[in-house]
Structures are given as structure tokens and as C-alpha cells.
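> sequence below, structure please.
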Amino acid sequence: MVNTTKVHRVIFFALLCVAVGSTQLALAQDSNQSTRNVAATPRDDDVNLDTQLYLILATNRDVEDDKMPVALNNVMKRLRESLTFKHYTLAGTFLNRVRDNGRLEVKWVGGPFLVPASVTTNNPSFSEFSALVKLATDGSGREVVRMNEFRFGARVPVITSQASSTNASTGSFPVVNYELIGLRTDISMREDAPVIAGTLNIGASGDAIVVAISAKRVN
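Have a look, this model is predicted:
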């Protein structure tokens with residue numbers, strides 16, 4: 001006579017082993033799937049942004065307008081609607097890369113773009129730009145790029161006295177002094193859509209520097 005209790009125990013043990021094995025297999029598959037998903041999803045510190053800084057010289061002097069990049073079309077339209085300057089020249093453009101939620105700091109020496117072209121001088125400009133760059137979402141749910149503690153500063157050459165020809169032995173040179181200019185602000189913008197960060201007047205010349213900035217994600 002077969003011991004039914006013993007048979008039931010054997011069957012129960014076999015079913016228990018199958019259930020445990022299936023659970024372990026499912027957990028292993030879920031773990032592998034989760035690992036693949038984590039690997040496929042970039043972390044915040046893996047996201048980088050290219051920032052583009054534009055310095056535009058606004059002037060009433062007799063100079064030719066430069067052909068501006070297509071990306072600045074909306075910026076130039078806004079400038080011509082809001083300011084009374086006759087001419088605009090692209091004094092410089094700078095491309096830099098920074099990771100999401102990272103700080104960007106750049107310093108450079110540039111040409112004498114604030115001195116009239118008719119004046120011979122080798123005085124450079126000393127500039128710096130810094131910002132904390134972060135991807136965020138605005139109140140409407142749209143993704144934006146925030147630049148907190150955005151700062152642009154420069155020491156620029158300004159002519160304080162015109163050239164004199166009274167002393168032929170020493171030559172004829174203008175007197176150029178340096179003036180410190182700058183701005184600091186917090187701004188937000190859509191990706192790859194340049195915005196005006198600020199306008200800085202330059203001494204008695206009546207010229208101004210327009211600071212524009214844009215940013216976009218890159219791989």
C-alpha cells in the first residue's frame with residue numbers, strides 16, 4: 001500500500017523547488033533588465049551643453065555692418081527695434097562646453113575692437129565669462145537652460161586723448177586708458193535660441209557692447 005502522505009510530501013517539495021527556481025530566474029532577469037536600463041539612461045553628469053557667447057559692437061561711427069550669423073536674426077531684430085545705433089559689428093564669438101549643473105569659467109585676451117579702425121594701436125581687451133549652467137523645466141513644463149550667476153566682465157581700451165602731431169620725434173599716438181565694464185544676472189532660455197543678456201555702454205565714444213548667449217545639449 002502506497003503511503004499517500006509521503007507521496008504528497010514529495011510532490012510538494014518538487015513544486016516548491018520549481019517555484020523557488022522560477023522566482024530566482026525572474027529576479028535575475030529583472031536585475032539584468034534594470035542594469036541595462038540604467039546603463040542606457042545617461043546620468044545628469046553625462047549630459048553636456050555647448051554654450052555660445054556673442055559680443056556685438058553697437059556704434060554710430062562710420063563703419064560697415066558685419067554679416068551676422070543666421071542664429072542671431074531674432075537678436076538683431078530686437079536690437080534694431082529697441083536701440084538707436086546705426087551699425088552693428090560682431091566683435092567676437094566663443095564656443096565652450098560644460099556638463100549639466102556645472103560651472104563654466106573662461107578668460108581671454110582679445111583685439112582692440114573698441115578702438116576705431118583709423119587709429120593704430122595694439123592695446124588688447126581682457127575679458128572673462130562665467131556661469132552655472134543647468135537644464136530645468138519652467139512653469140509651463142517646457143525644458144529650458146538656466147544660467148545662474150551669469151557674469152561677463154572686461155577691461156577695454158578707451159581713447160581719452162587724440163593723437164598729437166606737435167612732436168615729430170616721438171611720433172603720433174593716441175592716449176588709451178582701460179575701463180572696467182561688466183554685468184551679472186540670472187537668465188533662462190530655450191535651447192539653441194540666443195538671447196540678449198545685457199548691453200554695456202563704453203565711455204565717451206558712445207559705443208556699446210551687446211552680450212548675447214545661447215546653449216544646447218550635445219552628445
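
> can you give me the buried ones in the helix or strand where Ala136 lies?
Using DSSP states H and E, the element containing Ala136 is strand 125-137. Going by neighbour count (16 or more other C-beta atoms under 10 Å), the buried part of strand 125-137 is 125, 127, 129-131, 133-135. To be clear about C-beta, it is placed using only N, CA and C from the backbone, and glycine gets the same treatment.

> before we move on, what about stretch 183-198?
For stretch 183-198, by 16+ other C-beta under 10 Å, it's 187, 189, 194-198.

> got these as CSV, with secondary structure, pLDDT and distance to Arg142 columns?
Output for those, formatted as CSV (DSSP: H, G, I helix; E, B strand; the rest coil; pLDDT from 0 to 100; distance: C-beta to C-beta, whole Å):
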residue, secondary structure, pLDDT, distance to Arg142
Ile187, strand, 96, 15
Met189, strand, 96, 11
Pro194, coil, 97, 17
Val195, strand, 97, 15
Ile196, strand, 97, 20
Ala197, strand, 97, 20
Gly198, strand, 96, 23
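
> hang on, the earlier thing: just the buried residues of strand 125-137 now: which is nearest Ala212?
Phe129 (11.8 Å; C-beta to C-beta).

> how near is that closest one to Asn73?
Phe129 sits 23 Å away from Asn73, going by C-beta to C-beta, to the nearest Å.

> relative to the strand ranked longest in the chain, what are the paired strands and their orientations?
In the chain, taking DSSP state E as the definition, the longest strand is strand 143-161. Applying DSSP bridges to the sheet, strand 143-161 is found paired with strand 125-137 (antiparallel), strand 175-189 (antiparallel).

> pick out the shakiest of these, pLDDT-wise.
Note on the strands paired with strand 143-161: lowest mean pLDDT is at strand 175-189, with a mean of 91.

> what's in contact with it?
115, 121, 123, 136, 138, 144-161, 195, 197-198, 200, 202-203, 209, 211, 213-215 (C-beta atoms under 8 Å, 6 or more residues apart in numbering).

> before we move on, the earlier item: output the buried residues of strand 125-137 as a markdown table; include the columns distance to Ser82.
Formatted as a markdown table, these follow (distance: C-beta to C-beta, whole Å):
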| residue | distance to Ser82 |
| --- | --- |
| Ser125 | 25 |
| Ser127 | 24 |
| Phe129 | 23 |
| Ser130 | 26 |
| Ala131 | 24 |
| Val133 | 26 |
| Lys134 | 28 |
| Leu135 | 29 |
